[in-house]
Structures are given as structure tokens and as C-alpha cells.
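Colleague: Output the structure for:
(chains A, B, C and D)
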There are 2 protein chains.
Amino acid sequence: MKIDELGRDTMWRDRAIERSTRAARDRAAKRVQQFLDAAREVIAAKASTEFTVQEVVDQSKQSVRSFYQYFDSKHELLLVLFEEEMGIAVARIREATAEGGPLDRLEQVVLMVYDLCAPGRVSEQPLFAEFAQRLLVDHPEEVVAAYSPLYEYVAEIVEQVGESGLLREGRPRRLAAVVLQAATVTAGRSTGVDRPISGEEVWRFCLHAIVPDHKLS
Amino acid sequence: MKIDELGRDTMWRDRAIERSTRAARDRAAKRVQQFLDAAREVIAAKASTEFTVQEVVDQSKQSVRSFYQYFDSKHELLLVLFEEEMGIAVARIREATAEGGPLDRLEQVVLMVYDLCAPGRVSEQPLFAEFAQRLLVDHPEEVVAAYSPLYEYVAEIVEQVGESGLLREGRPRRLAAVVLQAATVTAGRSTGVDRPISGEEVWRFCLHAIVPDHKLS
DNA sequence: TTAGGCTGGGAATGAGATTCCCCTATTATC
DNA sequence: GATAATAGGGGAATCTCATTCCCAGCCTAA
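Modeller: Below you'll find the predicted structure:
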């Protein structure tokens, strides 16, 4: 039996601590999840991404105190929601675009990303764009970081396009960044044009930007 | 002499009213301008676009009441500032890119727009991007409208590119919209890439997107 | 059983935007 | 020229939120 310098049974103590901290962690995880679910419910109910901490707290049947126990700020809640949404979206996109040649897959990805970022679809899934927008003002770093799963996937495909010899001279991962920007941001706010820019238009733009004409059959 | 149904001298009255309303309008314009100047001073002094209405009011030597007399809300002040900046910027861009063939001019415009939107240049001119960002969250319509002078110029040049037979099939004004989006938004927040995307990269991207390869000499 | 320390509830605080009340100065009328 | 009506302006009051604080109840350990 291991005994520490104060004569206490270290192993037993460690195990007890382990058990209790794990329990605490589970409890914490559950509560965090409750807050996240509550936030989603509030957003769905209001069909808007503008909500107060109080609303989330009430919906979650917990207290303001607890909220700040688990989240440093409201921004952090938004960020976590955004990350979760991003994870779900990327999983869905990966699934839907697993088949076909690199270029076709890239096209599908661009169209899907464009759709996800289009405004006015709050009730379906709490969506990307609004969170990102809101957070971008005060925490650009984190938002950019949260985008990385999507970026990684796009970069992956663009690299495959490169491997099949279809790409222009530029470095693939950098081209991927620009493509992603174009797809995420163009959705919705088109300046001055009568009919908004469509996903297909964005795709054609990107396609010619990254693939030389003579490679397009 | 014109007399109205109550026996009053209409012409004199109208003129008096005209004079007084014009005076009032002048006064109003001056005060609005004072608020705008004060806002710019505050922004310059803090080197940040985050300011309170109170700060602007204090700086302007006027009162909160007056502020809300001339602006419906803080957002409106931001919007007006943004419009003014946009006007100045477009004038500067037009001037700097008056010479040369359409494609060269478009290149210069894209690079300049990109620079103007890059972050971290608060002290020079109160700049675009931060205002736009902030406003976009709550008033996307107005922001898009405020962009239109810039959009008109870009569209103009892209149409000239089209007239000189260099453009791909797409409608010029729609291509212009995508180019502008790419230039304004890519600046700064590049997802996952080590070194941020440069203005030149954005330009090369757009160039190939709108001009077929065999037209590029 | 009881002292010590977590937890949680929700009231208090603080920052800001927006509104309101009241005083003053100016105009209009006699 | 005097007075009543009214607009304009100052800045305190209000309202909305995010965030912090205080205290009571509960669980743990001796």
C-alpha cells in the first residue's frame, strides 16, 4: 500500500478523487449540453439568432450562476454552438460529396457551402452565417479557427484536383482558402445586382479561377 | 397679391416659411456634420471603431437629445459615416485608376479595395471593413446599398473589359459583383492558411475567373 | 453530529442606448 | 413692448442586458 508523506493511503485517495472528478466532469458535460440544447430551442422558437442569456437560462431550468460557471461569456456559448454546427455541417457535406472525381466533388461542396450560408433559413438548422457574422466582429481569431474543419476538407479536395493535374500554377491550399471565402460570403448579400448571385455562378467563377481552360475538355 | 381662404398673404407666408425652413435645414446640416466630425475624432483618438454615443456627444459639445434629434439611432450614425467613407474612397479609387486599359484598371481597383478592407488600419482613415462588419449584422440591406457607388465603378470597368472582348460568357455586372465580394471580404481573415492571402492572389484568382486564358496574350 | 466548503438561486451591479421632463429662448399675437 | 405658445436643448431617468456577488442549503469528512 502506498502511503504519502502525511501517512495517507495515496492510491485509495487518488482513485476516490478520480471517481469524484469524473462524476463532476460528467455532470458538467450534461449541464453544458443542457445549455446548448436550451439555446437551440430558444433560437428555434424565436426563429432568430438573437437571444439573451436569461432566455437560455430560463429554458434550461438552470441558473445564471451555473451558466457562467460553464461558459466564460455569452460569446463562448455562441462559439461552441457555431463549432457544433460546423462539425455537423462538415460531416453532412463529407457524406454527400464522397463520390466522383475531385472537380465534381468540389463543385458539390461549393454549392452546399453556399446554401448553408444563405440567409433566411434560421428555423431549419441554427445555421452558420449569422453566428459567424456576429462573432467575427469581436473574436475573429476564434471564428477563423472554427472554420478550419471545413477549410481542411475543401483544401483536401483542391489538393486532389491538383494531383489529377487540373490545377493552375498556384498553391492548392491557398486557392482553397479563396474558394471557401467566395462560397461562404457571397451568399445573400449581392451588391446592386437585381437577382442575387446564385451558387452556380459562384462555382463557375471559382472553377475558371482554379482550372485552366484547356483542361476543361 | 395671393390671399388664401383665411385671408392671409400666401406668398409672403410661403417665403417666410421657406426661409425659416432653409435656415433650420442649414442648422441641422451643420449639427449633423458636427456629430460626424466628433465621431471621427473619437474613433481617431481611441484608434478603434468602438465608441459610445455619449463619447460622441461629449466631443461634439452637444447633447444626447440633439443626437437623437438628428439620428434615429447609433446605427444610423455608423451608416452615415460608412457612406461618407465610401464616397471618399470611391473618389480616391476613381482618381488613382483613371489611366490604362480596362484590365489594368480593374487590377488596380481590386488591389486598392483589398487594401482598404484589410484590418488594422484604424488610425489612418476610419476605414471600411469594421463599420461594414458591425452594421451587416443588423442592417444588411443598408450596408449593401451603401456599397453601391463602389459596385457601380467596378461594374463599369468590368463592362469595359467586356467591350474590349476580353470577358468570358457571363453577364459583366454579375461577374463584377463576385469580384467585389472577393476583394472586400478576403482581406484579413484567411482560414487556416499560414500567411494571409494577399491582394495579388485575389487578383490572379479573379482575373482567371473572368478572362479566358487565350485572351491573356 | 457538526464545521467547512461547494453549489445554486437570483438579486445587485454596470455599461450603454434611448427616452423623458423641464427649463429657456424665440417667435407670434395683441 | 408684453405675454402666450412653442421649439430646442441639457442631462437625468429608464430599460435592456451581460456579468458579478451574496447568502442559504447541502454534502463531505472527522
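Colleague: And what about the closest residue to A:E130 other than its chain neighbours, helix, strand or coil?
Modeller: Leaving aside its sequence neighbours, A:E130 sits nearest to A:T49 (Cβ to Cβ, 6 or more residues apart in numbering or on different chains; 4.3 Å). Yep, even glycine has a C-beta here, placed from its N, CA and C like the rest. The three-state assignment at A:T49 reads coil, by DSSP: H, G, I helix; E, B strand; the rest coil.
Colleague: The helix or strand hosting A:E159: how far from the chain's middle?
Modeller: In the assignment (DSSP states H and E), A:E159 maps to helix A:148-163. What separates the centre of helix A:148-163 from the centre of its chain is 16 Å, taken as Cα atoms, centre = their mean, to the nearest Å.
Colleague: do it and chain B meet?
Modeller: Yes: applying Cβ under 8 Å from any Cβ of the partner chain, one finds helix A:148-163 touching chain B at A:S148, A:L150, A:Y151, A:E152, A:A155.
Colleague: Please list only the buried members of these.
Modeller: Among these, those scoring as buried are A:L150, A:Y151, A:A155 (criterion: 16 or more other Cβ atoms under 10 Å in any protein chain shown).
Colleague: now, which of those sits nearest DNA strand D?
Modeller: For those, the residue nearest DNA strand D by Cβ to the nearest atom of the strand is A:L150; the value is 26.6 Å.
Colleague: what kind of secondary structure is the residue most central in space within chain A in?
Modeller: Centroid-nearest residue in chain A: A:M86, 2.2 Å away (criterion: Cα atoms, centre = their mean). Three-state call for A:M86 (three-state DSSP): helix.
Colleague: dump the residue contacts of A:E99.
Modeller: Neighbouring residues of A:E99 by Cβ atoms under 8 Å, 6 or more residues apart in numbering or on different chains: A:R105.
Colleague: Was I right to think the residue nearest to the centre of chain A contacts A:A146?
Modeller: Yes: between A:M86 and A:A146 there is a contact under Cβ atoms under 8 Å: 5.6 Å.
Colleague: Give me the residues contacting the helix holding A:E159.
Modeller: Contacts to helix A:148-163, defined as Cβ under 8 Å, 6+ apart, come from residues A:86-87, A:89-90, A:93-94, A:97, A:102-103, A:105-106, A:109, A:113, A:167, A:172-173, A:175-177, A:179-180, A:210-211, B:191-192.
Colleague: List only buried entries from those residues.
Modeller: A:86, A:89-90, A:93, A:97, A:102-103, A:105-106, A:109, A:113, A:167, A:172-173, A:175-177, A:179-180, A:210-211, B:191-192.
Colleague: Close to DNA strand D: what parts of chain A are there?
Modeller: Residues of chain A lying close to DNA strand D by Cβ under 7 Å from any atom of the strand are A:A16, A:F51, A:T52, A:V53, A:Q54, A:V64, A:R65, A:Y68, A:S73, A:K74, A:H75.
Colleague: can you rerun that using 6 Å?
Modeller: Contacts of chain A with DNA strand D, taken as Cβ under 6 Å from any atom of the strand, map to A:T52, A:V53, A:Q54, A:V64, A:R65, A:Y68, A:S73, A:K74.
Colleague: Farthest pair within these?
Modeller: The largest distance within the residues of chain A next to DNA strand D, taken as Cβ to Cβ, falls between A:T52 and A:R65 and amounts to 15.9 Å.
Colleague: How many neighbouring residues does A:P140 have?
Modeller: Neighbourhood size, A:P140 [other Cβ atoms under 10 Å in any protein chain shown]: 14.
Colleague: Need the pLDDT of it.
Modeller: What the model reports as pLDDT for A:P140 is 83.
Colleague: for A:E130, same thing?
Modeller: 77.
Colleague: hang on, it in a helix?
Modeller: Yes: judged by three-state DSSP, A:E130 forms part of a helix.
Colleague: can you tell me if stretch A:73-86 touches DNA strand C.
Modeller: No: Stretch A:73-86 stays clear of DNA strand C (Cβ under 6 Å from any atom of the strand), getting no nearer than 11.8 Å.
Colleague: Residues contacting that stretch, please?
Modeller: In contact with stretch A:73-86 (Cβ under 8 Å, 6+ apart) are residues A:32, A:35-36, A:39-40, A:53, A:56, A:67, A:71, A:125-128, A:131-132, A:134-135, A:138-139, A:142-143, A:146-147, A:149-150.
Colleague: where in chain A is pLDDT low?
Modeller: A:1-26, A:119-128, A:186-193 (pLDDT under 70).
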